[in-house]
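Student: Below: sequence and its predicted model.
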Amino acid sequence: MLPPPASVQPETVAPPPPLGVGVALHSISPAAAAVAVAAASTAEPPPAKKRRGRPPKGASPVTKPTAAAAAAAAAAAAAAAAAAEGAEKKSKYIKVGEPGYVRPKYAYVKVADRKTKLPPPVYTDKFLDWLLPNAQAVERVEDPVPYLPLNEVSAPLTCEMDEDVAPPKPDPLRRFDARVWRSGDELVAALQVGGSAWGLAWCPLPEAGAPNVPRKQYLAIGCHPSLESKHVVNCKTSGKGAIQLWDMGTCQQGDVKPRLAMCLAHEADTVWDLTWLPYGGYITADRTKGALPRLGVLAAALGNGDVNVYSVPPPESVAKGEETVFARIAPSWSTSLHSTYATCLSWNPHQTYHSLLLVGCADGSVSVWNVLEDRGLGPILQLTSHSLGVQDVAWSPDPDEALYFVVVGRSSPITINLFNTQATSAPTWQFYPYSSGWCTGVSWANDQLFVVSENGSTMAVQSDFKALPLKTVVRPTVLHQFGGSVNCLSYNTRNSKLAGCSADGTLRMITAHKRGNECKSVFALDLVDGALHVIKQEKERSNVGEIVLADKLCWLNSVSWNPNHDGQPWLAVSGNAGVVFCSAFV
């Protein structure tokens, strides 16, 4: 458990200086000011006011103090105060976390300094239950063609699941079509999304057995306009695009029937990340006239600098039959980043603070937003973490550390920064891994911190780092070496498996509690004679430990586990080929 943040001490106001003590004593500490006051009280009192006439009989004559004497008394008082302050500093060493401790200054500057309290603890299974999709707010797009991705036909695809069975003949997929390959109990689904996909997120649903809960599983996908899209770091984009919502069936007993159910139109050209609120998003009851049920709350990082939060209705509530709905939905909450765009998002997984949205940006900044507040108030916390861009962010899964989050990105030197939302804008812990490549992904698993880098290494930081000093050089445990840059990590709490996808075209599984002993390649893409071969087999490839320059079509960008009990253990992986692959991995 991380140590609690130091409580904020009320500011102690020094008493006004007595007569004969200069106002310069206000700039010293309260203890030193007290010593100065005591010294001044022993000094000669000021002369009494002159009276006219002769002094009373028996009174001693009053001596008028000179200016030199007053100055000497003030100087002596200031010297005594300074000596007392120095003695106090030498005699009392304030440790980290104790009241009065002043953290050293780092290059991590707090940009936003508004006095906004964190949201109060809210224990509820509903989130924004007063803000539901409205039938009038769902605007149908009459001409959806300008919003569609440009890749109409994919490369020829085939799938190998059994070494003893020859794969079928490669065959391309048309835009928004799907195909399912089966071999015994194994199956792999391929979805043609039309562009290089980076945003990937399964929609969480209430636990099985709850009343009026659909068994369908939904997958949100955000992609670039085409396979050839090129972007300049920290430069915004604009243009028409759409967030795709796929109906995957029940994902039980082979019931997988992928179908594009809805497209949410936007004007940002590119979607960099998607994430659903972990729980509390699904609402069935209509609480107001004209309101629709809500499938979930979806946050999107868009290329034009906007971060939008959508209240997404179930597709069947706005569709006629099984048609694909092309609609424009006004976001329930939105903010615009003026000089950069968001690259990664993370909802706080704890019910107490489920309204906190963590945003990592291309300019290296990180901000924490409370979506229950007016966006005009600005973020609760905003700081600079990495000088060359943030690659991934993640909240701590420990309920006792609900306000801690970790950030990885591009900077020199290479660092892993762990922050506390309540304590300070400087990192609570800062690690310097021995890695030649920038860190690209991070995930918590079984109280361990897993980090991947662009040189293909997967590193683990053990839980005992919480007892280490503020700045610590970490010797991470290298669990596995991919054949290319590892772009994403996703952890499944139900089977304790950590999935990572790489630019070498492989998807590998790491059993978190056994660490490197159970690391296997379970999925791979190979380009053979212009056709993409999907290989779903558990084996170690011969390129382990070597950097492989795979074809760009084989690069894998994002991976996401299905969090629902009914959808276990399904996993989706996307890449540059414009195709998203889904399969079950036990």
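Tutor: Sure thing, it's come through.
Student: Which neighbours in the sheet does the helix or strand hosting A327 have, and how are they oriented?
Tutor: Taking DSSP states H and E as the definition, A327 sits inside strand 325-329. Partner strands and pairing direction for strand 325-329 (DSSP bridges) are strand 138-140 (antiparallel), strand 259-266 (parallel).
Student: Leaving out sequence neighbours, find the closest residue to E163.
Tutor: Nearest residue to E163, sequence neighbours excluded (C-beta to C-beta, 6 or more residues apart in numbering): Q537, at 7.0 Å. (C-beta placed from N, C-alpha, C; glycine too.)
Student: what do you get for H354?
Tutor: N348 is the one closest to H354 (C-beta to C-beta, 6+ apart), at 5.8 Å.
Student: so what's the residue nearest to N492 when sequence neighbours are not counted up against?
Tutor: Of all residues not flanking N492 in the chain, W561 sits nearest, at 4.3 Å (C-beta to C-beta, 6+ apart). Counting by C-beta atoms under 8 Å, 6 or more residues apart in numbering, W561 touches 202, 490-492, 499, 569-571.
Student: Let's see that with 6 Å instead.
Tutor: Residues near W561 by C-beta atoms under 6 Å, 6 or more residues apart in numbering: 490, 492, 571.
Student: Kindly check the end-to-end length of stretch 442-459 for me.
Tutor: One end of stretch 442-459 sits 10 Å from the other (C-alpha to C-alpha, to the nearest Å).
Student: neighbouring contacts of that stretch?
Tutor: By C-beta under 6 Å, 6+ apart, stretch 442-459 touches 392, 394, 397, 406, 408, 416, 433, 435-441, 460-461, 463, 476, 478-482, 484-486, 489, 491, 498, 500, 512-513.
Student: for stretch 498-513, same thing?
Tutor: The contact list for stretch 498-513 (C-beta under 6 Å, 6+ apart) reads 445-446, 450, 452, 479, 482-491, 496-497, 518-525, 548, 550, 554-556, 559, 571, 573.
Student: Just the buried residues of the contacts of stretch 442-459.
Tutor: 392, 394, 397, 406, 408, 416, 433, 435, 437-441, 460-461, 476, 479-482, 484-486, 489, 491, 498, 500, 512 (16 or more other C-beta atoms under 10 Å).
Student: Can you list which of these are found in strands?
Tutor: 392, 394, 406, 408, 416, 439-441, 460-461, 479-481, 486, 489, 491, 498, 500 (DSSP state E).
Student: thinking again about what came up before, just the CA coordinates of the strand holding A327, formatted as CSV?
Tutor: Listed next in CSV are the C-alpha coordinates belonging to strand 325-329 (Å, rounded to 0.1, in the frame of the first residue of the first chain):
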residue,chain,number,x,y,z
VAL,A,325,-27.3,3.3,-38.1
PHE,A,326,-25.2,6.3,-39.2
ALA,A,327,-25.8,9.0,-36.6
ARG,A,328,-24.3,12.1,-35.1
ILE,A,329,-24.7,12.3,-31.3
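Student: pLDDT averaged over it - what is it?
Tutor: Mean per-residue pLDDT for strand 325-329: 93.
Student: Then stretch 72-89?
Tutor: The model assigns stretch 72-89 a mean pLDDT of 65.
Student: next one: stretch 227-242
Tutor: 86.
Student: in that stretch, what counts as buried?
Tutor: Within stretch 227-242, the residues that count as buried by 16+ other C-beta under 10 Å are 227, 229, 236-237, 240-242.
Student: In the stretch 251-400 of the chain, where is pLDDT below threshold?
Tutor: Along the stretch 251-400 of the chain, segments meeting pLDDT under 70 span 253-254, 285-290, 374-376.
Student: D269 - how many residues pack around it?
Tutor: Using other C-beta atoms under 10 Å, D269 has 18 other residues around it.
Student: My guess is it contacts T237. True?
Tutor: Yes. Using C-beta atoms under 6 Å, D269 makes contact with T237 at a distance of 4.0 Å.
Student: returning to what we had before: ok, then the element right after the strand holding A327?
Tutor: strand 333-336.
Student: Within the sheet, what are the partner strands of the helix or strand following that next one, with directions?
Tutor: Sequence-wise, the next helix or strand downstream of strand 333-336 (DSSP H and E) is strand 342-347. With DSSP bridges as the test, strand 342-347 is paired with strand 356-361 (antiparallel).
Student: all helices for the protein, in order.
Tutor: Remark: helices assigned in the chain by DSSP state H are 30-41, 67-91, 315-318.
Student: contacting residues for P427?
Tutor: Contacts here follow C-beta under 6 Å, 6+ apart; on that basis P427 touches 417-419.
Student: and the residues you listed as TSV, adding distance to L383, pLDDT and neighbour count?
Tutor: Converted to TSV, these look like this (distance: C-beta to C-beta, whole Å; pLDDT from 0 to 100; neighbours: other C-beta atoms under 10 Å):
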residue	distance to L383	pLDDT	neighbour count
N417	9	88	25
L418	13	88	20
F419	7	89	26
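Student: Adding distance to Y279, write those out as CSV.
Tutor: Formatted as CSV, the contacts of P427 follow (distance: C-beta to C-beta, whole Å):
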residue, distance to Y279
N417, 28
L418, 25
F419, 24
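Student: just those now: which is nearest V307?
Tutor: For those, the minimum distance to V307 (C-beta to C-beta) is 18.8 Å, reached by F419.
Student: Residues in a beta bridge with the closest one, which ones?
Tutor: Counting by DSSP bridges, F419 forms beta bridges with F405.
Student: Kindly compare burial across the strands paired with strand 325-329 and name the winner.
Tutor: Stretch with highest mean neighbour count among these: strand 259-266 (a mean of 22; mean count of other C-beta atoms under 10 Å).
Student: what's next to that strand, contact-wise?
Tutor: 141, 147, 176, 241-247, 315, 324-326, 328-329.
Student: residues in contact with K552?
Tutor: N576.
Student: and if we set it to 10 Å?
Tutor: By C-beta atoms under 10 Å, 6 or more residues apart in numbering, the contact list for K552 reads 196, 227-228, 503, 527, 575-577.
Student: distance of it from A78?
Tutor: Look at K552 and A78: by C-beta to C-beta, to the nearest Å, they are 72 Å apart.
Student: How about T493?
Tutor: Taken as C-beta to C-beta, the span from T493 to A78 is 62 Å.
Student: go on, G195?
Tutor: In this view, G195 and A78 are 71 Å apart by C-beta to C-beta.
Student: Same question for E139.
Tutor: 72 Å.
Student: quick check, nearest of the contacts of strand 259-266 to L468?
Tutor: L468 lies nearest to I243 out of those, by C-beta to C-beta, at 41.3 Å.
Student: who's in contact with that closest one?
Tutor: 199, 220-223, 262-266, 268, 271, 274, 298, 300, 302, 308, 310, 312, 329.
Student: Please list only the buried members of the contacts of stretch 498-513.
Tutor: In the contacts of stretch 498-513, the ones that pass as buried (16+ other C-beta under 10 Å) are 445, 450, 452, 479, 482-491, 497, 519, 521-525, 548, 550, 554-556, 559, 571, 573.
Student: looking at it, L468 is touching Y432, isn't it?
Tutor: No. In this structure, L468 is not within contact of Y432 by C-beta atoms under 10 Å, at 11.8 Å.
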